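1. The following block contains a protein sequence and its predicted model.
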Amino acid sequence: MQKKLVKILLTFAGVMLMLTVISRIGASLAVPVVSTEKPQRMKIAHHVESEGEVTPGYTIPIFLDEGLFIDEISVMEGEFIKKGQKLLKLNKEKTDRQLKELEAEYAQLELQKSAAVSEEKINRSRYTVGVRNSKKDLKLAQGTTAREVRQAREDMKEAQKEYKKAVKEAKEKSLKTEEGKSDDNRENGNISGRKDDDNKTAGESGNDTDKETVSGSGDDTDKETAGGNGDEGGNTGSDTDFAGKEDDENKNDELKELARQKKEMERAYYDALDKREDQLHSAQSALDEASVALPENTTPAQIDAQKGLIADKIRQIKLLKKNKNYILSPQEGIVDKVMVTVGELSPATASFIIADTKEDYKIVIYDKIENGKYIAAGTEAIIKGRGADAEYTDYTGRVHTVKKVESKAGETFENIAAESGAEDGSQQLLEITIYLPPETFSLSSLIEVSFENYSDYYDYCVPLSALNQDDKGYFVYAVDTKATVLGEDLAARKVYVEIEDKNNEYAAVSAGSITDNMDIITAASREMEEGSRVRRE
Amino acid sequence: MKNVWKPVKVLLIIALFYPLVFLFTGSIMGNSEITHYLQGVFGGGEQWAGWTVFPKYPTLASYIELLLDIPEFYVLFWNSLLYAGCIIAGQLIVALPAAWALTAVRPVIRKGILLVYIVVLLMPFQVRMLPEYLVLRDLNLLDSPVGIILPEIFSALPVLILYYSFSSQPKVLQESAQIDGAGEFQIFYKVAVPVAVPAIVTCVILALLEYWNMIEQPLLFIKDKRYWPLALFSPQNNYGLGVVFAMAFLLAIFILVIFMLLQNYFEEGLSIISKE
């Protein structure tokens, strides 16, 4: 019984011992092995990697005359060319024909210009003659009309004078007749004398009116009426004498005739004035019309301009013919772009773009917009690529410019836009330009560029591998010592942090629950959770 | 009359064994099923707790997890075994000579000592707790396995059991040995102790039951979890309820098996003590 008991107990103890070992091994395998690191005070280096192509910093476009037929292109893109090196050859026959056409066009323009100049001269002389004639007409009109007016005025004055004289004679005569009859007809004479006085007064008043009229504003009807009344008064006084009466009637008729003549003369004078005015106006208008300046004739100048262009073309083609129809490079450099094709006509745009090898080269890089906070003008850029001698080389340069550009789907940098997640493929990108000395790298070679930008010091920086995230935010696992049944064990504890800055290797986290001497788990062989047992490497 | 008692006995047996059945059922249940049945206890809900003897989805996952994935179980198991073994061994080393000596002292003194032993035995642990703590603290034995083992070595119960066993032995045996030329130690070692084996086994079983399941002493005197016994496994809720059930079942089975193996000696020992 004792033996059986001992046997059972020993077996049981053996099994338990074996299970103890197995469970220990199992636990050992299940416990994550971790690497730890203490938070560091450091700067966060922002390292942006990108790729670009070496392009010429300064280029020279080479233009050809439009419409030249290209027979042969002697250079390729990327080829180094010397000054005077053949770039392309033009078709001889077509160039000759083009030269002839241009020369013919030039000759035609010459003729057109001669014709235009002759026409211009004729027009000029016509203009001069016209003006001169108009001036003459004006002078003539002035002279003729002045004479006519003068004659009319003299005639008018003569008529007035005669009329006044006749009136005066008639008055004198009537006075004499009145004196002879004064005794017989004293009473009547007095009466009629008073009437005569009245009439005289009226007659004088009529004369005065005539004078005014001569000067240009009289009333002929009043003067005539006044004269008539005066005469009637005189006639009334000589009723008794038949001979005197007949004589008076003749005198009156004569006076009336003189008054009519005076009136006609005055009218003729005024007509002459009007006529002079009309004629002078017409002549002046004709002169003004003739004096209008001739329009400027630009036709010869235009033809000259066309001639100049054609002459240039002719000169260039002649120069080409002198060079055996070859276009020569005006500058040493590398052919950046060939924009013409054999068998086609030269375009109006540049035919070649030559990179100036004496000037700096340029690298243009397109990167994601969010990298803009790390890259600015002056940021250090380490450029790696193959140099002109095909050896792998490094160059440290600085960013020249950084600007935002809009990319569209299908553009060369659409891959970056696609990475950035734009739905329509368009995305704002960063265009970074770096200049570097010529011949550091081969033109058109692909280079790797890395930008280094250092932040300020952060007190708590942990490796990026230590950073974890759950629905509450970012956290790190810190190693804590924990008393367990198995002894003092290491356990993982979640410490939530806020990220202030980070790069590909480190993250700067805000101070709070993190302390200087905390062991942060940077790597673990297994998944962990809060309170998981861990062991150090 | 016998026919009436038989079902009552069966019912009593079932009632006595139900805790084991309960533990076994729980140990082969999944955690979700246990939680479902014991929601009234652990879930803080208003519903009643329930149980079933036949799990819906029986599984041995809890045993596999306990035996293979939880090394803490073995630490606690070996600690319990260490405590029980050391205490029992210590008690036997102390109690055997003490009980033998009691048989030899004068009756007046013996009665006095036995009275003190019985008084001490009647005192529960709660009464001894504070003085024991103070003494262990002064001896710098807190947070040490020795602090658990040492006080229990000087238990009164095995001394009493063994005294009654020694005193019940016939005097002729000792006299015969004396005539055969045996000395005092030889009489004790070669005659009295082998005769007192049933009492010793009784002491062992009683001590094993008590110290295998002790909770208060380690909880009070030991802070370092490395020295905890298996009885403190349950409060660690880091494991699923199924694992706790499996652990409790294995613990019970372990004691039951030992008890069954030593049952004859135990009964004999108890009969000797009861006669005295």
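-> Perfect, I can see it now. Numbering: from 1, shown residues only, chains lettered A, B, ... in the order given.
2. interface residues of the stretch 51-200 of chain B facing chain A?
-> The stretch 51-200 of chain B comes close to chain A at residues B:Leu67, B:Leu68, B:Asp69, B:Ile70, B:Pro71, B:Glu72, B:Phe73, B:Tyr74, B:Val75, B:Leu76, B:Phe77, B:Trp78, as judged by Cβ under 8 Å from any Cβ of the partner chain. In this view, the C-beta of every residue, glycine as well, is placed from N, C-alpha and C.
3. pull the CA atoms of the one helix or strand in chain B whose mean pLDDT sits lowest into PDB?
-> In chain B, the helix or strand scored least confidently by mean pLDDT, DSSP states H and E is helix B:39-42, which has a mean of 76. Taking C-alpha atoms only, helix B:39-42 is exported to PDB below (Å, rounded to 0.1, in the frame of the first residue of the first chain):
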ATOM      1  CA  GLN B  39     -24.800  36.100 -14.700                       C
ATOM      2  CA  GLY B  40     -26.800  36.700 -11.500                       C
ATOM      3  CA  VAL B  41     -23.600  36.400  -9.500                       C
ATOM      4  CA  PHE B  42     -20.900  37.900 -11.700                       C
END
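4. Now do the buried residues in it.
-> B:Gln39 (16 or more other Cβ atoms under 10 Å in any protein chain shown).
5. which residues touch the helix or strand following that helix?
-> Sequence-wise, the next helix or strand downstream of helix B:39-42 (DSSP states H and E) is helix B:61-64. With Cβ atoms under 8 Å, 6 or more residues apart in numbering or on different chains as the test, helix B:61-64 has contacts from B:Ser27, B:Ile28, B:Met29, B:Gly30, B:Gly240, B:Gly242, B:Val243, B:Phe245, B:Ala246.
6. Next up, the contacts around the nearest residue to the fifth one once chain neighbours are set aside.
-> When the adjacent residues along the chain are set aside, B:Gly240 lies closest to B:Asn31, with 4.3 Å between them (Cβ to Cβ, 6 or more residues apart in numbering or on different chains). B:Asn31 makes contact with B:Gly240, B:Leu241, B:Gly242 under the criterion Cβ under 8 Å, 6+ apart.
7. what are the phi and psi values for B:Asn31?
-> phi -60, psi -40 (degrees, to the nearest 10).
8. Which pLDDT value does the model give it?
-> If you check B:Asn31, the pLDDT there is 83.
9. ok, now how distant is it from chain A?
-> Distance, B:Asn31 to chain A, using Cβ to the nearest Cβ, to the nearest Å: 18 Å.
10. What are the contacting residues of stretch A:269-278?
-> Residues from elsewhere that reach stretch A:269-278 (Cβ under 8 Å, 6+ apart): A:Ala141, A:Thr145, A:Ala146, A:Glu148, A:Val149, A:Gln151, A:Ala152, A:Arg153, A:Asp155, A:Met156.
11. Same check on stretch A:328-337?
-> For stretch A:328-337, the external contacting residues (Cβ under 8 Å, 6+ apart) are A:55-56, A:59-60, A:62, A:75-87, A:352-358, A:443.
12. 10 Å instead?
-> Applying Cβ atoms under 10 Å, 6 or more residues apart in numbering or on different chains, the set of residues contacting stretch A:328-337 from outside is A:55-56, A:58-62, A:73-88, A:319-320, A:350-359, A:361, A:438, A:442-444.
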